[in-house]
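Q: build me a structure from this.
(chains A and B)
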Number of protein chains: 2
Amino acid sequence: MKILISNDDGIDSPGIAALANEMKKIGEVTVIAPRTEQSAVGHAITMKIPLRITEYYKNGDFFGYAIDGTPADCLKIGIRNILKTRPDIVLSGINNGSNTAINIIYSGTVSAAREAAIMDLPAIAISQTSHDAKDFTYSAKIASELTKQVLKRGLPNGTLLNVNVPNLPEEEIAGILMTKQGKSKWDDIYEERIDPYGKKYYWLTGSLMETDVKLETDQFAIKNNYVSITPIHFDLTDYATYESLNNWQLENLMK
Amino acid sequence: MKILISNDDGIDSPGIAALANEMKKIGEVTVIAPRTEQSAVGHAITMKIPLRITEYYKNGDFFGYAIDGTPADCLKIGIRNILKTRPDIVLSGINNGSNTAINIIYSGTVSAAREAAIMDLPAIAISQTSHDAKDFTYSAKIASELTKQVLKRGLPNGTLLNVNVPNLPEEEIAGILMTKQGKSKWDDIYEERIDPYGKKYYWLTGSLMETDVKLETDQFAIKNNYVSITPIHFDLTDYATYESLNNWQLENLMK
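A: Got it, this is the predicted structure:
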């Protein structure tokens, strides 16, 4: 089994090392990940500057390929120019910090897996709910078991699994839930500062407004110590509105 | 009527000027756009470096605010720290080049409008199908008429309209169609080159594999000279797969 692993925290992050080490037990792993942290880059791809591929070593051993681009770039150039054959599955993570609700839109971790789904490959994005996570053992185990299930049962082309794991010891995990993307979103605040030359600059801060109150949503599930697994896709059509807009008589726009 | 305009081609692009000039006829326009071109940045947001806001002048007249970030950044900081009140509608464009099918995922133009939809604001992304488009008159007219319709009839919270206009004189436009996101995607090719120091680098090229063959899809509609209007949203849950995954007995993953 050929497994491709990427992330958005960068090739030197502890989460990707934990994931790669666990997956090596069940398959042939290639790591192709951003050279530097790419959090919140969404589904950006690099077109206006060229990419470079660097071999990355960890404690003297070859670990994987570092790309000076985005997570989506890693998938595109990784499969085309490094692997040259299609992997059986793609995993992205283990991310430091959850990717639930509106954060799915901003996440580079999810976008790496989504780029795999665009290529009709099975894909799993996996995140752990703390920016200070140190022990990824349980998340790595979930990733490995879920990989076996996905390869056994299959996923529809274009669908990926977005997995979020509470940053807790295994015995404190409440269970595993299949979920939907929540509606929680950010209350953004730009903190204004003055630079040494008297000019203003602005840092993005803020807090997640947690409006989800059902265990069937990703954000509420992880808040209640459940592992959350959400099937997502990239057909953004709003079908309900598509039907109702046909009453707008848009041809009148031309007159 | 307060109208906020952004784009991903940058504040100095001809498409945003054409859109702003047209919209000034029907409302109070504020332009808040990236200082430099941000094509294909998707829904990236800037967190690890601060943003700056610069007043941008065109032929000696104040034109708008330039942000040294992404299209989504422009919406976030623009509404919070520049406008300080919510606009009645947000328009993004007029983009040079279409944003149909898989390109909706990569597009900065669409992401600016999507960030508005995340804020529960009505929003329209508008693109013209040529990277060399010079005359934006008809696209600007469509944007203006559609703005009136959207404000009259309303859109569901979280839904935006993604509009693509063929790069043709008005008399050659075949009509206006309500469409769904197409399935066409890229056959990526990374062109390998050698730098003056003997190191390899890679340029992303390739061509769109046009697999859409129905006028009800965005890509086939514009190919057949129709204006395409697609309602899209940011709930990525794959509901069909959500139902079927409940048969996976995921609790077994823990054992």
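Q: so is the helix or strand encompassing residue A:229 next to chain B?
A: In this structure, residue A:229 is located in strand A:226-232 according to DSSP states H and E. Yes. Interface with chain B: strand A:226-232 contributes A:229-232 (Cβ under 8 Å from any Cβ of the partner chain). Where you see a C-beta, it was placed from the backbone N, CA and C, and this is true even at glycine.
Q: show me what that strand is in contact with.
A: With contacts defined as Cβ atoms under 8 Å, 6 or more residues apart in numbering or on different chains, strand A:226-232 is touched by A:100, A:104, A:110, A:114, A:142, A:146, A:155, A:159-166, A:173-181, A:215, A:218, A:221-222, B:236-238, B:241-242, B:245, B:250.
Q: what's the next helix-or-strand element following that strand packed up against?
A: Counting by DSSP H and E, the next helix or strand C-terminal to strand A:226-232 is helix A:239-245. Counting contacts by 3 or more Cβ pairs under 8 Å, 6 or more residues apart in numbering or on different chains; DSSP states H and E, helix A:239-245 packs against strand B:226-232.
Q: can you give me the buried ones in the strand it packs on?
A: By 16 or more other Cβ atoms under 10 Å in any protein chain shown, the buried positions in strand B:226-232 come out as B:226-232.
Q: please apply the same query to stretch A:40-54.
A: Buried residues in stretch A:40-54 (16+ other Cβ under 10 Å): A:40-46, A:50-53.
Q: that stretch - what's its average pLDDT?
A: Stretch A:40-54 shows a mean pLDDT of 93.
Q: is that stretch in proximity to chain B?
A: Yes. Using Cβ under 8 Å from any Cβ, stretch A:40-54 reaches chain B at A:40-48, A:50-53.
Q: these into a markdown table, with extra columns for secondary structure?
A: Converted to a markdown table, those look like this (DSSP: H, G, I helix; E, B strand; the rest coil):
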| residue | secondary structure |
| --- | --- |
| A:40 | coil |
| A:41 | coil |
| A:42 | coil |
| A:43 | coil |
| A:44 | coil |
| A:45 | coil |
| A:46 | coil |
| A:47 | coil |
| A:48 | coil |
| A:50 | coil |
| A:51 | strand |
| A:52 | coil |
| A:53 | strand |
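Q: residue A:192 - that's part of a strand, no?
A: Yes. Checked against three-state DSSP, residue A:192 lies within a strand.
Q: run a quick neighbour tally on it.
A: 12 (other Cβ atoms under 10 Å in any protein chain shown).
Q: what about it, distance to chain B?
A: As judged by Cβ to the nearest Cβ, to the nearest Å, residue A:192 and chain B stand 7 Å apart.
Q: I'd guessed that residue sits against residue B:81; true?
A: Yes. The criterion here is Cβ atoms under 8 Å, and residue A:192 meets it with residue B:81 at 7.4 Å.
Q: need the residues touching each of these two.
A: Joint contacts of residue A:192 and residue B:81 (Cβ under 8 Å, 6+ apart) are residue A:202.
Q: list the buried residues in the least confident helix or strand in chain A by mean pLDDT.
A: Sorting the helices and strands of chain A by mean pLDDT, DSSP states H and E puts helix A:239-245 at the bottom, at a mean of 93. By neighbour count on 16+ other Cβ under 10 Å, the buried set for helix A:239-245 is A:241-242, A:245.
Q: test my guess that residue A:169 contacts residue A:134.
A: No. In this structure residue A:169 lies outside contact range of residue A:134 using Cβ under 8 Å: 11.8 Å.
Q: and the helices in the stretch 51-200 of chain A?
A: A:71-77, A:103-106, A:108-118, A:137-153 (DSSP state H, counting those that start in this stretch).
Q: ok, which of those comes nearest residue A:27?
A: Closest approach to residue A:27 among the helices of the stretch 51-200 of chain A (Cβ to Cβ): helix A:137-153, 8.0 Å.
Q: before we move on, back to that, tell me the one of the buried residues of strand B:226-232 nearest residue A:26?
A: Ranked by distance to residue A:26 (Cβ to Cβ), the buried residues of strand B:226-232 are led by residue B:232 at 37.6 Å.
Q: from residue A:141, how far off is the closest one?
A: Going from residue B:232 to residue A:141 by Cβ to Cβ, to the nearest Å gives 37 Å.
Q: do the same with residue A:157
A: Counting by Cβ to Cβ, the separation of residue A:157 from residue A:141 is 27 Å.
Q: before we move on, what about residue A:165?
A: When residue A:165 is compared with residue A:141 (using Cβ to Cβ), they lie 9 Å apart.
Q: and if you look at residue A:150?
A: Distance of residue A:150 to residue A:141, computed by Cβ to Cβ: 15 Å.
Q: next: residue A:20.
A: With Cβ to Cβ as the criterion, residue A:20 and residue A:141 are 14 Å apart.
Q: how about residue A:97?
A: In terms of Cβ to Cβ, residue A:97 sits 19 Å off from residue A:141.
Q: pick out whichever of the two has more residues nearby.
A: Each of residue A:97 and residue A:141 has its neighbours counted (other Cβ under 10 Å); residue A:97 has more, 21 against 15.
Q: what about chain A, any weak spots by pLDDT?
A: A:251, A:254-255 (pLDDT under 70).
Q: nearest to residue B:186 among the residues of stretch A:40-54 next to chain B?
A: Checking these against residue B:186 by Cβ to Cβ gives residue A:45 as the nearest, at 9.5 Å.
Q: wait, that closest one sits on residue B:105?
A: No. Residue A:45 sits out of contact with residue B:105 when judged by Cβ under 8 Å, with a separation of 9.3 Å.
Q: find residues that contact each of those two.
A: The contact sets of residue A:45 and residue B:105 overlap at residue B:42 (Cβ under 8 Å, 6+ apart).
Q: start from the N-terminal end of the stretch 151-255 of chain A and give the strands.
A: Ranges of strands in the stretch 151-255 of chain A, per DSSP state E, counting those that start in this stretch, are A:160-165, A:175-178, A:185-194, A:200-209, A:226-232.
Q: so in that sheet, which strands flank the shortest one, and in what orientation?
A: Spelled out, that is strand A:175-178. Based on DSSP bridges, the pairing partners of strand A:175-178 within the sheet are strand A:226-232 (parallel).
Q: run the angle between the strand it pairs with and helix A:137-153 for me.
A: 40 degrees (axes from the mean of the first three to the mean of the last three Cα atoms, to 10 degrees).
Q: what's across from the nearest residue to residue A:85 once chain neighbours are set aside in the sheet?
A: Sequence neighbours aside, residue A:2 is the residue nearest to residue A:85 in space, at 7.2 Å (criterion: Cβ to Cβ, 6 or more residues apart in numbering or on different chains). On the basis of DSSP bridges, residue A:2 takes part in beta bridges with residue A:28.
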